[in-house]
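In: The sequence isn't on hand, but the structure is:
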């Protein structure tokens with residue numbers, strides 16, 4: 001099957017006719033080829049202990065049709081203590097290229113069963129690997145580091161945006177080789193607890209302004225995104241609210257943004273890449289999904305779980321993060337619309353790259 005458009009939320013197959021497995025993913029351009037990489041969830045059916053099966057990568061010339069280039073960071077099936085073991089909670093790989101060292105640098109978020117979240121850093125000479133672990137168990141700034149994004153400035157300096165777990169968002173300067181933090185950082189968007197804490201930062205830069213999309217903290221259940229902008233990497237940030245226009249469900253169109261891709265060969269095309277972790281959510285929740293009641297219920301449950309003053313609802317949520325079948329999760333890619341400095345994401349059933357200059 002050959003594609004000639006993007007259809008957000010629909011099943012997306014690679015050139016072999018298999019589901020694309022690049023969740024929590026990003027796109028990096030090397031020469032004239034796009035490489036889309038992310039968590040390989042092909043074996044994560046919610047009935048086993050497999051959280052991931054490494055990091056998978058796909059190549060494309062048009063952003064529509066993707067060739068499976070294989071697992072570029074394979075799981076370590078022998079050592080259960082390895083951060084790459086399939087039972088380890090590995091999320092959101094990000095790869096950036098260091099012009100000075102000529103290395104591709106990959107950071108992975110590893111969530112331990114004790115709740116501590118740490119980073120594993122790998123390097124490679126080619127985007128497709130092989131990758132070698134250079135640091136493991138890193139707690140940047142001695143913090144528990146959750147969802148994150150990596151950014152390279154035009155001068156070659158790099159920055160690391162991450163959620164200080166259940167607390168705030170941090171912007172930290174990276175070392176010259178991109179494998180650690182320097183110690184200089186700033187903090188943003190402080191919140192007392194989930195579901196209000198901002199996670200899943202997705203950065204982009206446009207016309208002198210730095211932008212961040214973030215989501216709330218309700219696990220795999222979708223929630224309202226926020227977009228903020230600033231005049232420097234370290235802020236201060238001005239929050240503009242939910243970019244998803246007319247989204248009465250308050251679920252960011254049943255998705256969570258993972259990164260923003262600036263098309264290098266287009267004048268002003270920015271694409272928000274998002275995962276639809278629970279494709280069946282509208283059918284499962286019925287009218288409560290469409291009115292936003294479903295999100296409110298989940299948000300209250302997360303608030304209660306972190307608030308000793310509120311009795312937790314006795315009714316359990318009908319989806320559990322650790323038993324979710326993410327092998328059938330889909331993708332929601334939407335172009336960012338700008339009105340002055342403000343950024344929006346309008347729903348589209350179908351759209352084309354060719355519609356942009």
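Out: All right, it came through fine. Bear in mind that the values here come from a model prediction, so they are computed numbers and not experimental data.

In: Who are the contact partners of residue 228?
Out: 189, 211-212, 214, 237-240 (C-beta atoms under 8 Å, 6 or more residues apart in numbering). For every residue, glycine as well, the C-beta is placed using N, CA and C.

In: count of neighbours near the nearest residue to residue 98 once chain neighbours are set aside?
Out: Nearest residue to residue 98, sequence neighbours excluded (C-beta to C-beta, 6 or more residues apart in numbering): residue 178, at 5.1 Å. For residue 178, the tally of surrounding residues (other C-beta atoms under 10 Å) stands at 24.

In: quick one: residue 178 and residue 99 touch, right?
Out: No: the pair residue 178 and residue 99 fails to qualify as a contact (C-beta atoms under 8 Å) at a distance of 10.3 Å.

In: what kind of secondary structure is residue 298 in?
Out: At residue 298 the chain is in helix, as set by DSSP: H, G, I helix; E, B strand; the rest coil.

In: And the one 3 residues further on, by the same measure?
Out: Assigned state for residue 301: helix (three-state reduction, three-state DSSP).

In: Same check on the one 3 residues further on?
Out: For residue 304, the assignment made with three-state DSSP gives helix.

In: Now do the same for it: its pLDDT.
Out: pLDDT, residue 304: 92.

In: Same check on the one 10 residues further on?
Out: With respect to pLDDT, residue 314 scores 34.

In: ok, the strand or helix carrying residue 338: who's next to it in the sheet?
Out: Secondary structure from DSSP states H and E places residue 338 in strand 337-339. With DSSP bridges as the test, strand 337-339 is paired with strand 342-344 (antiparallel).

In: List the buried residues for the strand it pairs with?
Out: Neighbour-count burial for strand 342-344 flags 343-344 (criterion: 16 or more other C-beta atoms under 10 Å).

In: who touches the residue nearest in space to the middle of the chain in this structure?
Out: For the chain, the residue nearest the mean C-alpha position is residue 258 (2.4 Å; C-alpha atoms, centre = their mean). By C-beta under 8 Å, 6+ apart, the contact list for residue 258 reads 23-26, 38, 92, 200, 202, 273-275.

In: Residue 2 versus that one, what's the distance?
Out: Applying C-beta to C-beta, to the nearest Å, the value for residue 258 to residue 2 is 25 Å.

In: Could you do residue 342 as well?
Out: 36 Å.

In: ditto for residue 204
Out: 29 Å.

In: Compare those two and say which is more crowded by neighbours.
Out: residue 204 (21 against 7).

In: what helix or strand does that one sit in?
Out: Mapping residue 204 onto the secondary structure by DSSP H and E places it in strand 199-206.

In: Report all helices and strands that that strand contacts.
Out: The contact analysis (3 or more C-beta pairs under 8 Å, 6 or more residues apart in numbering; DSSP states H and E) places strand 199-206 against strand 145-152, strand 158-164, strand 209-215, strand 256-262, strand 270-276.

In: how about the helix or strand just after the last one: buried residues?
Out: Tracing the chain past strand 270-276, the next element assigned as helix or strand by DSSP H and E is helix 281-285. Neighbour-count burial for helix 281-285, counted by 16+ other C-beta under 10 Å, picks out 281-282, 285.

In: contacting residues around the closest residue to residue 159 other than its chain neighbours?
Out: The shortest distance from residue 159 to any non-neighbouring residue, by C-beta to C-beta, 6+ apart, is to residue 151 (4.7 Å). Applying C-beta under 8 Å, 6+ apart to residue 151 gives the contacts 96, 158-161, 203, 205, 233.

In: Of those residues, which is the nearest to residue 330?
Out: residue 203 (23.6 Å; C-beta to C-beta).

In: beta partners for the closest one?
Out: Going by DSSP bridges, residue 203 is paired in beta bridges with residue 212.

In: what number of residues lie near it?
Out: Counted with other C-beta under 10 Å, residues neighbouring residue 203 total 19.

In: got it, and the one 10 residues further on?
Out: Look at residue 213: counted by other C-beta under 10 Å, it has 28 neighbours.

In: Hmm, it is touching residue 243, no?
Out: Yes: taking contacts as C-beta under 8 Å, residue 213 lies within contact range of residue 243: 6.9 Å.
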